[in-house]
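Asker: pasting the structure only:
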């Protein structure tokens, strides 16, 4: 480690907004005791009170999913842990799965108790197959532990097979049912009709751990962190042009200026907030941009770009990614992604005039309102934010 | 039509649950590295589905290949952070060592090379998977070393 890097790490560690909830040591037995004691309604109320919103990126209030699934008449219900983090620049769930699987399982147990489910499934992305064996052992031990306590809930693991779109909850359900991971129409939402058409609560790995933490520490202490719209803390995956890449748990509501002062290399030109499907924010807007639901929401992916990076190459890489990962079932996304990629290449080569970029911006905005699922809708985010902030780099 | 009913019952018993289709395909890939046409037809019969349906599912997923592959599959991450941090150097090392480009298999059928999307190792980019195992912080030299280990 260079002196510079050490200094940086010290600065980050002494930052008031850095917290230690997810990775701290904890007596899981005690938390399970509490979960088994508390009534389903009280679990939902505690989570409602905490203000917890989904940590996968979309930020849907967690308690509404629970209430929805609980209130629908059904003979069975499912709890699903979405461990299919495929967003470029996101790797926090990998670390949580490696270090804290019991906390994820305790969070799933709380959800199961709240909605009345006896079956949980972890959908683990294929790229993390190397974690499977260990996780399987932990799951079996946990199932035994719950069984001995007389609580009827068992968890199993299903492996993904390498498809970015399966992180989208309805695609994930299709994939778990043994089908192509093509998104479903919503409504009905998974909490009404999910896995095998039964009420299903799907939560990101990190959200489930925060559920566990809220039930262990109480809603009040969670609520004290963050801002009005973005309560609590969040685990960030930090990569790109930084001396200190890695996983950091930070209070919600930091500005990008504070963020780049801590993690940047003093030459940060832009930050991609929320991965390839998120927004690219230029340095001139760092001060006014809040990381959180009132500003730019993120599933935790923060990629820093320094002055030497070509924004054209970055956008080109994203578009290649989306062309490859578009599932192809809806036209706006299937054709739109290809045309955006072909379009910027044609402008660069001089085959199309510079003002053709306006047509491409229109196309991206059309995709936002017409694509069937989050994948196609969000291609607009990086495209418009990069073109509007770095137009010269894209067209010249 | 009692006989008919028994036949149907038998078929029902034999037909596997749809939700297990991908699990079955994953198991075949684990042992045989890819899904041959014969295997796809066989699986389709077991699940009482058309071969086209099973082929459609397999080709949707990048980890369920339908073309023969080498004994070891190298998957080099091509997404943004690995791209910025030296993906091309990783590919060059593999080209120099094994004389293969993405999509190709080495002459001795020991290695196939693919480029894949984000494998979640961006904090230690550039990265690749060989079979299921991640290798991170890659340089030209350590890629050569890693492949040496697989060759011996």
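Answerer: Now that the structure is in, tell me what you want to look at. Note that the structure is a prediction, hence the values are computed from the model and not measured. Numbering: from 1, shown residues only, chains lettered A, B, ... in the order given.
Asker: remind me, longest helix of chain A?
Answerer: Among the elements of type helix in chain A, defined by DSSP state H, the one spanning the most residues is helix A:331-349.
Asker: just checking, what packs against it?
Answerer: helix A:311-325, helix A:356-370, helix A:374-378, helix A:391-395 (3 or more CB pairs under 8 Å, 6 or more residues apart in numbering or on different chains; DSSP states H and E). (C-beta placed from N, C-alpha, C; glycine too.)
Asker: residues of the stretch 101-250 of chain A that sit close to chain B?
Answerer: Taking CB under 8 Å from any CB of the partner chain as the criterion, the neighbours of chain B within the stretch 101-250 of chain A are A:125-130, A:158-164, A:175-182, A:196, A:237-241, A:245-247.
Asker: for the chain, which segments count as strands?
Answerer: If you meant another chain, say so; for now it's chain A. Ranges of strands in chain A, per DSSP state E, are A:78-83, A:119-124, A:154-159, A:200-204, A:233-240, A:246-251, A:268-273, A:279-282, A:301-306.
Asker: that's the wrong chain, I wanted chain B
Answerer: Going by DSSP E, chain B shows strands at B:72-77, B:111-116, B:128-130, B:133-135.
Asker: for these, which one sits closest to chain A?
Answerer: The closest of the strands of chain B to chain A is strand B:133-135. By CB to the nearest CB, the value is 5.7 Å.
Asker: list the contacts for the residue most central in space within chain B?
Answerer: Using CA atoms, centre = their mean, the residue of chain B that lies closest to the mean C-alpha position is residue B:63, 3.7 Å off. Taking CB atoms under 8 Å, 6 or more residues apart in numbering or on different chains as the definition of contact, the neighbours of residue B:63 are A:126, A:160-162, B:26, B:29.
Asker: go again using 7 Å as the cut-off
Answerer: When contacts are counted by CB atoms under 7 Å, 6 or more residues apart in numbering or on different chains, residue B:63 touches A:126, A:161-162.
Asker: so what's the backbone phi/psi at the closest residue to residue A:91 other than its chain neighbours?
Answerer: Spatial nearest neighbour of residue A:91, chain neighbours left out: residue B:120 (4.3 Å); criterion: CB to CB, 6 or more residues apart in numbering or on different chains. Residue B:120 has phi and psi values of phi 70, psi 30 when expressed as degrees, to the nearest 10.
Asker: which residues does residue B:120 contact?
Answerer: With CB under 7 Å, 6+ apart as the criterion, the residues that contact residue B:120 are A:85, A:90-91, A:94, A:127-128.
Asker: please redo it, this time with the cut-off set to 10 Å
Answerer: By CB atoms under 10 Å, 6 or more residues apart in numbering or on different chains, residue B:120 lies in contact with A:85-95, A:125, A:127-128, A:237, B:77, B:79, B:127, B:134.
Asker: how far away is it from residue A:159?
Answerer: Residue B:120 sits 14 Å away from residue A:159, taking CB to CB, to the nearest Å as the criterion.
Asker: now residue A:302
Answerer: Separation of residue A:302 from residue A:159 (CB to CB): 28 Å.
Asker: same check, this time on residue A:188
Answerer: From residue A:188 over to residue A:159 the distance is 26 Å, taken as CB to CB.
Asker: ok, and the closest non-adjacent residue to residue 114?
Answerer: Assuming you mean chain A. Distances taken as CB to CB, 6+ apart place residue A:43 nearest to residue A:114, at 4.1 Å, with adjacent residues excluded.
Asker: not what I meant, chain B
Answerer: Once chain neighbours are set aside, the closest to residue B:114 by CB to CB, 6+ apart is residue B:75, at 5.0 Å.
Asker: in this structure that neighbour contacts residue B:131, no?
Answerer: Yes. Under the contact definition of CB atoms under 10 Å, residue B:75 touches residue B:131, with a separation of 8.8 Å.
Asker: out of those two, which sits in the busier spot?
Answerer: Neighbours were tallied for residue B:75 and for residue B:131 using other CB atoms under 10 Å in any protein chain shown; the higher tally belongs to residue B:75 (24 against 14).
Asker: how's chain A carved up into domains?
Answerer: By the assignment in automatic domain parsing, chain A contains the domains A:16-223, A:233-306, A:311-395.
Asker: neighbours around whatever residue of the stretch 251-396 of chain A ends up closest to chain B, how many?
Answerer: Closest approach between the stretch 251-396 of chain A and chain B, counting by CB to the nearest CB: residue A:317, at 5.0 Å. When neighbours are counted by other CB under 10 Å, residue A:317 registers 19.
Asker: distance check, it against residue B:80.
Answerer: 5 Å.
Asker: quick check: closest non-adjacent residue to the residue sitting nearest the centre point of chain A.
Answerer: In chain A, the residue lying closest to the centroid (CA atoms, centre = their mean) is residue A:56, at 2.4 Å. Sequence neighbours aside, residue A:204 is the residue nearest to residue A:56 in space, at 3.4 Å (criterion: CB to CB, 6+ apart).
Asker: just checking, the one you found touches residue A:65?
Answerer: No. Shown here, residue A:204 and residue A:65 do not form a contact pair, counting by CB under 10 Å, at 11.4 Å.
Asker: find residues that contact each of those two.
Answerer: Here residue A:204 and residue A:65 share the contacting residues A:54, A:169, scored by CB under 10 Å, 6+ apart.
Asker: let's have the strands of chain A in a markdown table, adding mean neighbour count, distance to residue A:382 and mean pLDDT.
Answerer: A markdown table is the format used below for the strands of chain A (neighbours: other CB atoms under 10 Å in any protein chain shown; distance: least, CB to CB, whole Å; pLDDT from 0 to 100):
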| stretch | mean neighbour count | distance to residue A:382 | mean pLDDT |
| --- | --- | --- | --- |
| strand A:78-83 | 26 | 22 | 98 |
| strand A:119-124 | 23 | 25 | 98 |
| strand A:154-159 | 18 | 29 | 97 |
| strand A:200-204 | 28 | 21 | 98 |
| strand A:233-240 | 26 | 14 | 97 |
| strand A:246-251 | 21 | 23 | 96 |
| strand A:268-273 | 25 | 7 | 98 |
| strand A:279-282 | 23 | 6 | 98 |
| strand A:301-306 | 25 | 11 | 97 |
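Asker: ok, which of those comes nearest residue A:23?
Answerer: Put simply, out of the strands of chain A the one that sits nearest residue A:23 is strand A:246-251, at 7.0 Å, with distance taken as CB to CB.
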